[in-house]
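Q: kindly return the folded structure for what I paste below:
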Amino acid sequence: MSNKVRVRFAPSPTGPLHIGGLRTALFNYLFAKKNKGDFILRIEDTDQARYVEGSEKHILESLSWCGLNIDEGPTRGGELGPYKQSERKKLYKDQIDRLMALDKAYVAFDSKEDLDNARHNSEKNGETFIYNALNRQNFKNSLTLNKEETAKLIKKGGYVVRFKTPAERDVICYDVLRGKVVFSSSLMDDKVLYKSDGNPTYHFANVVDDFHMNISHVIRGEEWLPSLGLHWLLYEAFEWRKPKFVHLPLILKPVGKGKLSKRDGEKFGFPVFPIKWSLDNQIIDGYKEAGFLPGALVNFLSLLGWNPGNEKEFFTLEQLINAFSLKNLNNSGARFDHEKNIWFNQQHIQGLKKEKLVELLKTSLEENRINFDPDNLATIAELIRPRLNLLTELTSSSFYFFNKPKSYNVKAVKKLCGSNATSELLKLSCCFLETNVFKAKEIKISLEHFTKTSGLNFGKALGLVRLAVVGKLSGADLFMTLEVIGKNSAIKRIEALVSHIK
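A: Take a look at the predicted model:
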């Protein structure tokens, strides 16, 4: 194994990529890039019974949308591939044969009924059933059968290969975050590593692949910590150099106990996938479709379980790479806060380059089939920028720049449109007509002068004009809005409100 940093993100294609998985990929990516290393994608698809069509594509597209570009993987290739476990079966067969030759594994022929009966008897005695050094001599395996019987049963198939867990030993492991972690081998199963159909189990393939792909650091979720003892023993059995293990803290539910799940998204109304997921004619929107910037989502996720060691909160991906360190990972879980996620998105929108925001606005308008003057887009983008939390609000926040209101806020009409509203609006229309230079500054001066001489309250005048122009009492700077839509459009909208009141 070289000293180069090589990390892998190794999801199973059993469904869409969850944001918990995305955070694991992110921390692997940041660590690799910080250390001039390689970020590898490996698809762990040995469990074909749970394989879901489209999962692999969703994983790849999610990583790409977030800017987590892989150095090696199924679509990229690399010297240590293939990068799908289903294409690495010869390697697993060779290594399981080697493990048995080292007397570190054995063949077991126990039927499901045999194991169910043994489990039932253990439970009846108030014990937890474990198949290991304490009782493996009571079962039907190559340790209890002679060579002829074993060979005969192997020919029939239907067997498994189990790891020969050492008896009564403390397995002392090390984790970067937790330090020393100790497992008692007497409480560990002789895990199944390989099946007679030629498929390895997760644990065996995982360790074999990490070694043969020169993985230097295994950075994965805390839920895999109970597997560390077995993986440690497998490295020792092969006499392989171990990678450094890092078990990341959980992302916790918004409220209550336990880790964030897909159901929490449904319950609390937020996405749990980076991009949309389609299955059986059902489409579930992800963060992309909900109007989040990929950089904002990445920034938010980075702070769930890691901190930069200072008060800084907002990072670009490049800045995260420069700041990232395993030393600043947290031991405890981080609670998911959707409102804070939206706030991060709002802050990232404020920091977008002008050209990028204009491009996003243009795309949104085109998708909604709204006609626009391209010359005005830059001004409009800057006017609506402060009001944007999500990109899905681009069209709704700018609609009135391109079209007159389709309706008027009922409360605003009741508040402002009393018996004198019609004559007041017509006077305001005349004021605009007489304003020679229809620019924001001049419009404001003209309106101030008009209200002073006419006795109309300036605040009410602004409200009436905004209601006529926007359809409600909120929106971008009113005088800049009037400048953008132009004198003729402003007068027509005032007249339309008059007609509505009548």
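
Q: can we go C-alpha only for contacts and neighbour counts from here?
A: Will do.

Q: contacts only, for residue 398.
A: The contact partners of residue 398, by Cα atoms under 8 Å, 6 or more residues apart in numbering, come to 380, 384.

Q: quick check, it in a helix?
A: Yes - under DSSP: H, G, I helix; E, B strand; the rest coil, residue 398 falls within a helix.

Q: mean confidence score for stretch 150-166?
A: Stretch 150-166 shows a mean pLDDT of 96.

Q: actually stretch 23-30, sorry about that
A: Rounded mean pLDDT across stretch 23-30 is 98.

Q: now find how far off-centre that stretch is within its chain.
A: How far stretch 23-30 lies from its chain's middle: 11 Å, per Cα atoms, centre = their mean, to the nearest Å.

Q: got it, and stretch 409-428?
A: Centroid separation for stretch 409-428 versus its chain: 48 Å, with Cα atoms, centre = their mean.

Q: how about residues contacting that stretch?
A: By Cα under 8 Å, 6+ apart, stretch 409-428 touches 447, 456, 460-461, 463-465, 467, 471-473, 494-495, 498, 501-502.

Q: if we go to 7 Å?
A: 464, 471, 472, 473, 494, 498 (Cα atoms under 7 Å, 6 or more residues apart in numbering).

Q: of these, which belong to strands?
A: Among these, DSSP state E puts none in strands.

Q: just flag the most distant two among the residues you listed.
A: Greatest spacing in the contacts of stretch 409-428, by Cα to Cα: 473 and 498 (16.5 Å).

Q: which SS class is residue 230?
A: helix.

Q: how near is it to residue 157?
A: Using Cα to Cα, to the nearest Å, residue 230 is found at 26 Å from residue 157.

Q: of these two, which one has the most company?
A: More crowded of residue 230 and residue 157, by other Cα atoms under 10 Å: residue 230, with 22 against 12.

Q: confidence score at the more buried one?
A: 98.

Q: and it, how far from residue 277?
A: From residue 230 across to residue 277, the span is 34 Å (Cα to Cα).

Q: just residue 255 next, same as before
A: Taking Cα to Cα, one finds residue 255 at 25 Å from residue 277.

Q: the two: who's more crowded?
A: The neighbour comparison of residue 255 against residue 277 (other Cα under 10 Å) goes to residue 277, with 17 against 12.

Q: who wins for neighbours among the contacts of stretch 409-428?
A: Across the contacts of stretch 409-428, neighbour numbers were computed from other Cα under 10 Å; residue 464 holds the maximum, 26 neighbours.

Q: quick one, what contacts that residue?
A: Counted by Cα under 7 Å, 6+ apart, residue 464 has contacts residue 416.

Q: ok, 10 Å please
A: By Cα atoms under 10 Å, 6 or more residues apart in numbering, the residues touching residue 464 are 412-413, 415-417, 421, 424-425, 428, 458, 470-473, 494, 497.

Q: do the same with residue 319
A: Residue 319 touches 30, 299, counting by Cα under 10 Å, 6+ apart.

Q: and for residue 274?
A: By Cα under 10 Å, 6+ apart, the contact set of residue 274 is 16-19, 22, 58-59, 61-63, 65-66, 285-290, 292, 294, 297-298.

Q: where does it land on pLDDT?
A: At residue 274, the model reports a pLDDT of 98.

Q: could you verify that it is part of a strand?
A: No - using three-state DSSP, the assignment for residue 274 is coil, not a strand.

Q: for residue 415, see how far away it is.
A: Look at residue 274 and residue 415: by Cα to Cα, they are 43 Å apart.

Q: equivalent analysis for residue 84, please.
A: Distance of residue 84 to residue 415, given as Cα to Cα: 65 Å.

Q: and if you look at residue 487?
A: From residue 487 to residue 415 the distance is 26 Å (Cα to Cα).

Q: of the two, which one has the most company?
A: Per other Cα under 10 Å, whichever of residue 487 and residue 415 has more neighbours is residue 487, with 20 against 11.

Q: and that one, what is it in contact with?
A: Residue 487 touches 429, 432, 433, 434, 435, 436, 437, 438, 439, 443, counting by Cα under 10 Å, 6+ apart.

Q: please apply the same query to residue 499.
A: 422, 493.

Q: neighbours around residue 116, how many?
A: Based on other Cα under 10 Å, the number of other residues close to residue 116 is 12.

Q: my bad, should have said residue 320
A: Neighbours of residue 320 using other Cα under 10 Å come to 21.

Q: now tabulate the contacts of stretch 409-428 in TSV and tack on distance to residue 341 and pLDDT.
A: Shown next, in TSV, are these (distance: Cα to Cα, whole Å; pLDDT from 0 to 100):
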residue	distance to residue 341	pLDDT
464	36	96
471	30	96
472	28	96
473	28	95
494	39	96
498	42	95
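
Q: could you list the residues in contact with stretch 85-97?
A: 10, 12, 42-48, 81-82, 98-99, 101-106, 161-163, 193-195, 198-202, 204-206, 208-209, 212, 238.

Q: counting contacts, what elements does the helix or strand that residue 349 is a member of pack onto?
A: Using DSSP states H and E, residue 349 sits within helix 338-350. On a contact count with 3 or more Cα pairs under 10 Å, 6 or more residues apart in numbering; DSSP states H and E, helix 338-350 meets helix 294-302, helix 354-367.
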